[in-house]
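[1] give me a 3D structure for the following:
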Amino acid sequence: MVAAARPTQAILALFPFLVSGMLPIAVMRAMRERGLDITLGRYRPTAGSLTVDACDDFEADGRLISLSEDSEESGIEKLQLIIEKRNLGLVINFGAPLAYSRISQLKERVPEIRIMDTLYNSGPHFHSFSAYHPCFDGVLVESDDMVRRLSLPGWPTAHKVESGVDLARFRPAGRAVDPVQAPLRVGYLGRMSIEKNPLGFVELAERLHDALPTIQFFMFGEGPMTAQVQARIMSGRAASAIKFAGFADHPTTALAQIDVLVVPSVLDGRPAAVMEANACGVPVIGAPVGGIPELIEEGRNGFLALPRNHERIAALLSGWQADPARFAALRQSARRVAEARFDRNRMMDRYEAVYRAVLARPARPVGICA
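    Model prediction:
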């Protein structure tokens with residue numbers, strides 16, 4: 001028997017931790033502005049070396065809940081109590097590993113609740129989702145790559161939402177509006193974690209330094225590999241050419257200091273860094289993994305190349321240094337691509353439409369989850 005719909009626009013969003021700059025937090029803030037009742041639940045108060053977003057705006061309204069002290073059983077009971085007390089209609093998991101083990105029991109206890117997952121790539125969370133997929137009413141993804149991976153018989157609907165950026169905030173500034181300067185500055189902007197491959201960037205920088213010794217390299221970001229990356233830079237042959245700048249107060253601060261962004265990921269979805277860079281007039285050289293090929297139009301906003309393909313990347317950089325006018329045209333083209341394809345408002349419209357559509361439908365029968 002299909003469970004009755006809960007007549008509510010209230011959503012509980014589950015996070016492992018709350019990190020400054022996270023897209024899902026920005027989405028939840030936008031959904032609040034659009035009239036949805038959003039409560040955040042976090043399982044951990046800190047995120048290692050990452051900068052925490054205190055989410056004071058949610059806490060001030062009683063919309064921030066800590067789940068960090070809960071045991072397995074009490075955690076399920078607390079989730080059930082929150083759902084019933086706040087008349088929630090939808091629970092969304094944003095990568096909280098502990099939530100997966102509780103999904104089936106929660107669905108059994110509150111069969112009318114809808115549960116969604118959000119998957120950005122085919123990493124560990126994808127495998128957790130695979131194990132518990134019968135319990136979900138839907139899953140949000142950013143790329144065609146993920147839609148294909150999730151299009152299996154009996155699996156919940158994959159809703160594609162192409163992410164975007166605030167084009168008013170991400171605008172060309174600094175080096176992107178100045179005349180092209182030699183030597184070019186090549187940057188890395190992202191989490192210092194294995195899937196983002198910061199060590200691959202360091203190795204690429206060393207090879208490029210051998211071929212083009214005047215090129216300068218900048219690395220922005222933080223994460224579990226920070227100390228390892230710093231040590232690798234200092235022990236390498238291009239230490240004098242690579243500046244490790246660490247956490248940037250905002251991506252625009254970092255992007256204003258570089259000419260080209262390299263995204264060397266070994267696993268990725270639809271990285272915001274590509275769109276942010278293009279919006280700031282910074283072309284991107286990205287690895288052809290995950291949803292990155294869907295973002296880059298060769299010759300218009302960047303190029304696709306694995307970091308180990310250093311000869312091709314060196315040729316691109318050398319050509320841009322030799323022909324500043326061509327590189328200036330590429331910067332302008334990158335911004336135009338961002339204006340045409342990466343508008344944050346369109347992304348938020350789509351998120352709202354998906355959430356409201358799921359809230360308007362009855363939950364999947366609990367028997368599917370048994």
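[2] quick one: the helices in this protein, in order.
    Secondary structure of the chain by DSSP state H: the helices cover 23-33, 56-60, 72-85, 97-109, 124-132, 144-150, 198-211, 226-235, 251-255, 272-279, 292-295, 310-322, 324-341, 344-360.
[3] out of those, which is the most enclosed?
    helix 272-279 (a mean of 28; mean count of other Cβ atoms under 10 Å). Just so you know, the C-beta spots here come from the backbone N, C-alpha and C atoms, and that holds for glycine as well.
[4] and that one with helix 23-33, angle?
    70 degrees (axes from the mean of the first three to the mean of the last three Cα atoms, to 10 degrees).
[5] what is the mean pLDDT for helix 272-279?
    Average pLDDT, helix 272-279: 97.
[6] so which elements touch it?
    Contacts defined by 3 or more Cβ pairs under 8 Å, 6 or more residues apart in numbering; DSSP states H and E place helix 272-279 against strand 185-189, helix 251-255, strand 260-263, strand 284-286, helix 292-295, helix 324-341.
[7] out of those, nearest to E108?
    When the helices and strands packed on helix 272-279 are compared by Cβ to Cβ, helix 292-295 sits nearest E108, at 37.8 Å.
[8] what's the closest one in contact with?
    Residues from elsewhere that reach helix 292-295 (Cβ atoms under 8 Å, 6 or more residues apart in numbering): 143-145, 263, 265, 268, 270-271, 274-275, 284, 286, 301, 304.
[9] among these, name the buried ones.
    Neighbour counting by 16 or more other Cβ atoms under 10 Å classes 143, 145, 263, 265, 268, 270-271, 274-275, 284, 286, 301, 304 among the contacts of helix 292-295 as buried.
[10] which of those residues sits closest to A315?
    Of these, the one sitting nearest to A315 (Cβ to Cβ) turns out to be L304, at 14.1 Å.
[11] and the closest residue to the closest one other than its chain neighbours, how many neighbours?
    Leaving aside its sequence neighbours, L304 sits nearest to P288 (Cβ to Cβ, 6 or more residues apart in numbering; 4.5 Å). When neighbours are counted by other Cβ atoms under 10 Å, P288 registers 13.
[12] can you list the domains in this protein?
    10-164+345-369, 174-342 (automatic domain parsing).
[13] for the ones you listed, which has the smallest mean pLDDT value?
    domain 10-164+345-369 (a mean of 91).
[14] thinking again about what came up before, need the helices and strands packed on helix 272-279 in CSV (columns: distance to S66).
    Below are the helices and strands packed on helix 272-279 laid out as CSV (distance: least, Cβ to Cβ, whole Å):
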stretch, distance to S66
strand 185-189, 31
helix 251-255, 29
strand 260-263, 34
strand 284-286, 37
helix 292-295, 35
helix 324-341, 37
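[15] which one, of these, ends up nearest to Y100?
    Closest approach to Y100 among the helices and strands packed on helix 272-279 (Cβ to Cβ): helix 292-295, 26.5 Å.
[16] quick one: distance of the closest one to the chain centre.
    Remark: helix 292-295 is offset 14 Å from the chain centroid, using Cα atoms, centre = their mean, to the nearest Å.
[17] which non-adjacent residue is nearest A173?
    Per Cβ to Cβ, 6+ apart, closest to A173 is A256, 4.6 Å.
[18] how close does that neighbour sit to F220?
    Distance check for A256 against F220: by Cβ to Cβ, to the nearest Å, it reads 11 Å.
[19] compare those two (neighbour count), which wins?
    More neighbours surround F220 than the other of A256 and F220, with 23 against 20 (other Cβ under 10 Å).
[20] list the contacts of the more buried one.
    With Cβ under 8 Å, 6+ apart, F220 has these contacts: 187-190, 245-248, 251, 254.
[21] which one of the residues you listed is nearest A328?
    Closest to A328, out of all of those and judged by Cβ to Cβ, is G187, at 17.9 Å.
[22] the closest one - how many residues pack around it?
    G187: 24 surrounding residues under other Cβ under 10 Å.
[23] check whether it really touches V260, as I assumed.
    Yes: using Cβ atoms under 8 Å, G187 and V260 qualify as a contacting pair, with a distance of 7.0 Å.
[24] between those two, which contacts overlap?
    What both G187 and V260 touch, as defined by Cβ under 8 Å, 6+ apart, is the set V282.
[25] contact partners for S333?
    Here S333 is in contact with 300-301 (Cβ under 8 Å, 6+ apart).
[26] measure stretch 35-55 end to end?
    Using Cα to Cα, to the nearest Å, one end of stretch 35-55 lies 18 Å from the other.
[27] give me the buried positions along that stretch.
    In terms of neighbour count (16+ other Cβ under 10 Å), stretch 35-55 has its buried residues at 36-44, 47, 50, 53, 55.
[28] what is the burial count for the residue nearest to L359 when sequence neighbours are not counted?
    Leaving aside its sequence neighbours, L359 sits nearest to G89 (Cβ to Cβ, 6+ apart; 4.9 Å). Residue neighbour count, defined by other Cβ under 10 Å, stands at 24 for G89.
[29] so how far is F303 from G89?
    45 Å.
[30] what's the answer for R29, then?
    From R29 across to F303, the span is 34 Å (Cβ to Cβ).
[31] picking up where we left off before, mind putting the helices of the chain in TSV, distance to T118 included?
    As requested, these are arranged in TSV below (distance: least, Cβ to Cβ, whole Å):
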stretch	distance to T118
helix 23-33	7
helix 56-60	18
helix 72-85	17
helix 97-109	11
helix 124-132	9
helix 144-150	10
helix 198-211	24
helix 226-235	26
helix 251-255	21
helix 272-279	14
helix 292-295	18
helix 310-322	32
helix 324-341	21
helix 344-360	10
